[in-house]
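Chemist: Provide a 3D model corresponding to the input given below.
(2 chains)
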Amino acid sequence: MKTATKRIKRPTILQAAAVAGLGWLSRPLAGKAAVQQQAAAITARQVSRAPTAPDDPAWGTANPVSIPLSPQNLVLPRLEEAGAKGIIVRALFDDEQISFLLEWPDAHPDQDLETVMQYRDAAAIQFPRDPAMTGASFMMGHQGNAVTIYHWKSDWQFGRLLDVDEAYPNMYADWYQHSGAEAGEIPEASDYLTKGDKAYLTAAAAGNTLADPLIQEKIGPIQKMQAQGFGTLEPHATQDAKGSGLWQNGSWKIAMSFPRQQEAFTFREDTPVLVAFAVWDGSRQERNGQKAYSTWQEMRLTAAPAPTPLPQDQERTGILWPAVGGAAAVAAAAGAALIALRLRRPRQAAGPQEPQNR
Amino acid sequence: MPNVYNWQLGREMSYPYEAAFPDWQWAFVFNINRCIACQTCTYACKSTWTFSKGQEYMWWNNVETKPYGEYPRFWDAKILALLHDAHQQAGEEARWDTFHKDDKAKPYGTYEGLTIFEAAERQAPQKEVAIGYEPTDDEWAAPNLYEDTAAGAISHAGDTTLEPTALPEHKTWFFYLQRVCNHCNFAACVAACPRQAIYKRKEDGIVLLDQERCRGYRKCVMACPYKKAMYRPTTRVSEKCVGCYPRIEGKDPMQPGIPLETRCMSACPGKIRIQGLVKMDPDGNWAEDRQNPIYYLVKVAKVALPLYPQFGLAPNGYYIPPRWAPRPYLRQMFGPGVDEAIERYVAPDRELLAVQQLFRATQQIIFKYEVLPGPKVFEATIRGRPWEMFDDTVIGFNKNGQEVVRGKVQEPQHVRPDKHYNSI
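Modeler: Residues are numbered from 1 along each chain as shown, chains lettered A, B, ... in the order given. Now for the predicted structure:
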């Protein structure tokens, strides 16, 4: 019995260490290790009211799942190393809405786009427009098999009206003709839309939502979009997202909430849906296809009762990030996983260790 | 990547898209020798297109003093350095074979080095469509830094003779480089845009940036070696020179239905600029159009040369190089055709002298010219050879074949009688 006990204890301790290693070190795995992680499905739990704020205590009832992200290096322009190595995803739903909380470490919030080299922090959730049509590419869908994307943009929430005079407060211009401002006044971009001539805020006049702070105010920081392959991203005709982002203690938390009823399907308990995620780190000049992204992840909705909420700062996952590293963490985690598997085999071979159904 | 034929390089090169060419191509010739850097072109553009908020730093047209002036700062030095590094890494040399030429297919010989597209392909792994970089705010901020600053001025500071400014090459020198978007045949901005928001128009080859489709990724800013795509902070997307397309289309209310030169061209007081449309062959070369002034200057007289042809974009701006600047510098900038171009320019034949009178002579685009012979009015010896000048008449015709300008080689003169000599 002593021997057996030892055999039980040793793997248990090591396995715990291995699990901890995976949990603490490698949750945001990168590259090939991503494949190993895909088995962990996202479970959206039912709540009375799906939250729309990133600091809503209801998120404590959600099941956090760590999704590894990889730098997009398959098509040009490629990214060799992304700022975000992974994200933690939580999902909750109520009768009408489904909500996600995306969380990832980012040392610097980037919401200013007023100078030529500044890029926004952003995050996106993607799912097939019609999950019944299987095979949509996780890389922006493809022709005839579109994807729906909810895209949070930091500047749409925090920096909508920031432009050159915020970057250069001492600037002066004699007169901005057609802006609606008097000579000597520095107009806002929105002035061209409200009291000037829209034609001189050119992209806004062309209907580009990125250029129109009034449309952005109306939509909020999360824009619904659609795509059918690379380079086809466009705003969706329906804008139905709620939510916001919060940068705190070196991490972004983004709450995105949208109707379960989508144009071609409904997020339901009996219908697993593939979802994918992407994150852009503006400080690293990530934009466009140069992003950190995941492959498809299976998501299920469950009405099973949620556990008692934990205060978020005490959650296990809330203090993971300092340990998140690059290849070293991946290697350590992979090694830990191997150890765990090796040790598990003899234990399983020895038969059940605990009496069952007695 | 598909291969396309770039006649400026005298060879095929790789480019992300299959070759497709417009029916007509927007093109221009600038005579550097005449420019006084008054910046009237710069302000003609500014006051037409880029006077709104977020466009403060944008100069779609600029004139910079070479060799030190650059807008954005260091643009050509930086891209040349990137290209140089790429050659070193690839074990290649950026040289030209100038022994084997062909008037149509390889007028300057063959470029045997790497273009910015080929240099990017040699990267392992390839990250971008073309090698390039994004200029910083600081680099955009001083558009005319080093104006009138000469190279060699310090090394010849104690020289009291005129030797530093003796032709054929001044030892103390600078020249003005006038720059607008080149509306390239193989535009790097078009190639680099991940969402095809930039396109080349079938009717005139003008490269436009779709303001609705652009998402502000700034890949065009990064890839354009001439740095003529620019990000606008008030709209979060990029903009670029539009080639004054409404004027090219004949939509300027000044002369409805008649193609007009762009604002920067038609405003030039120094008469250094001529802009027009050249007919294109399906293979991307220019169709024979002997009496089109642009065709004549580039293809027949060969006095006007593309800017940095080795980048591989087949730019549609052509320059008559400054006759006093050091040739190695000019060959780097305009390719191996420099020596021949200067030779032709300093002792122009009758036709070249006549065609030069068409520069900025009318706002209408000249599609055809004729030269009527006139009497000999002057003779001289230029570089040891006899040279004669004739007071020929040049006539320019617009798209509809109507005469729009008539000028003479010798400017009209009137000698004031002695009685009124000091009158004003």
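Chemist: Shouldn't B:Gln89 be within a strand?
Modeler: No - B:Gln89 sits outside any strand when classified using DSSP: H, G, I helix; E, B strand; the rest coil, being helix.
Chemist: Which parts of the chain are helices?
Modeler: No chain in the question, so chain A it is. For chain A, applying DSSP state H gives helices covering A:2-20, A:33-37, A:154-158, A:164-167, A:189-194, A:202-205, A:213-219, A:327-349.
Chemist: that's the other chain; I wanted chain B
Modeler: Using DSSP H, helices in chain B cover B:40-49, B:75-90, B:116-121, B:137-141, B:188-192, B:219-223, B:245-248, B:263-266, B:293-295, B:327-334, B:338-346, B:350-356.
Chemist: closest one to A:Thr271 among the ones you listed?
Modeler: Nearest to A:Thr271, of all these, is helix B:219-223, at 38.0 Å by Cβ to Cβ. Using the backbone N, CA and C atoms, a C-beta is placed for each residue, glycine as well.
Chemist: Give me the contact list for that closest one.
Modeler: Where contact means Cβ atoms under 8 Å, 6 or more residues apart in numbering or on different chains, the residues beyond helix B:219-223 that reach it are A:77, A:116, A:288, B:116, B:128-130, B:132-135, B:188-189, B:191-194, B:198, B:209, B:227, B:229-231, B:238, B:240.
Chemist: List the buried residues of stretch B:351-362.
Modeler: B:Leu352, B:Leu353, B:Ala354, B:Val355, B:Gln356, B:Gln357, B:Leu358, B:Phe359, B:Arg360, B:Ala361, B:Thr362 (16 or more other Cβ atoms under 10 Å in any protein chain shown).
Chemist: who touches stretch B:137-147?
Modeler: Contacts of stretch B:137-147 (Cβ under 8 Å, 6+ apart): A:115-117, A:167, B:37, B:39, B:57, B:59, B:62-65, B:68-75, B:230.
Chemist: possible to save the buried residues of stretch B:351-362 as TSV with distance to chain A and pLDDT?
Modeler: Formatted as TSV, those follow (distance: Cβ to the nearest Cβ, whole Å; pLDDT from 0 to 100):
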residue	distance to chain A	pLDDT
B:Leu352	41	98
B:Leu353	43	97
B:Ala354	41	98
B:Val355	37	98
B:Gln356	37	97
B:Gln357	37	97
B:Leu358	34	98
B:Phe359	31	97
B:Arg360	27	95
B:Ala361	31	95
B:Thr362	29	96
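Chemist: Out of these, the closest to B:Phe30 would be?
Modeler: B:Phe359 (9.1 Å).
Chemist: mind listing what the closest residue to B:Thr48 other than its chain neighbours touches?
Modeler: Once flanking residues are discounted, B:Thr48 sits nearest to B:Arg263: 4.8 Å by Cβ to Cβ, 6 or more residues apart in numbering or on different chains. Contact analysis of B:Arg263 by Cβ under 8 Å, 6+ apart lists B:Ala44, B:Cys45, B:Thr48, B:Trp49, B:Cys244, B:Arg247.
Chemist: can you check A:Gln157 too?
Modeler: A:Gln111, A:Gly220, A:Pro221, A:Ser244, A:Gly245.
Chemist: residues from the stretch 1-150 of chain B in reach of chain A?
Modeler: Within the stretch 1-150 of chain B, the positions lying close to chain A (Cβ under 8 Å from any Cβ of the partner chain) are B:51-54, B:56-57, B:125-129, B:134-137, B:140.
Chemist: Selection in ChimeraX covering whichever of those are buried, please.
Modeler: Buried members of those, defined by 16+ other Cβ under 10 Å, are picked up in ChimeraX with:
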select /B:51,52,53,54,56,57,128,129,134,135,137,140
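Chemist: For the residues of the stretch 1-150 of chain B next to chain A, work out which two are farthest apart.
Modeler: B:Phe51 and B:Pro125 (42.9 Å).
Chemist: Spell out, range by range, the strands that occur in chain A.
Modeler: Remark: strands assigned in chain A by DSSP state E are A:42-46, A:65-68, A:70-71, A:86-93, A:97-105, A:122-128, A:147-153, A:222-227, A:234-235, A:242-248, A:251-259, A:273-280, A:292-293, A:297-302.
Chemist: can you list the ones you listed in TSV and add mean neighbour count?
Modeler: Shown next, in TSV, are the strands of chain A (neighbours: other Cβ atoms under 10 Å in any protein chain shown):
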stretch	mean neighbour count
strand A:42-46	20
strand A:65-68	23
strand A:70-71	22
strand A:86-93	26
strand A:97-105	25
strand A:122-128	25
strand A:147-153	24
strand A:222-227	22
strand A:234-235	16
strand A:242-248	19
strand A:251-259	23
strand A:273-280	24
strand A:292-293	26
strand A:297-302	18
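Chemist: For my notes, please list these in CSV and give mean pLDDT and distance to B:Asp148 for each entry.
Modeler: Formatted as CSV, the strands of chain A follow (pLDDT from 0 to 100; distance: least, Cβ to Cβ, whole Å):
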stretch, mean pLDDT, distance to B:Asp148
strand A:42-46, 96, 65
strand A:65-68, 97, 58
strand A:70-71, 98, 47
strand A:86-93, 98, 55
strand A:97-105, 98, 52
strand A:122-128, 98, 45
strand A:147-153, 98, 45
strand A:222-227, 98, 49
strand A:234-235, 97, 49
strand A:242-248, 98, 49
strand A:251-259, 98, 50
strand A:273-280, 98, 44
strand A:292-293, 98, 49
strand A:297-302, 96, 62
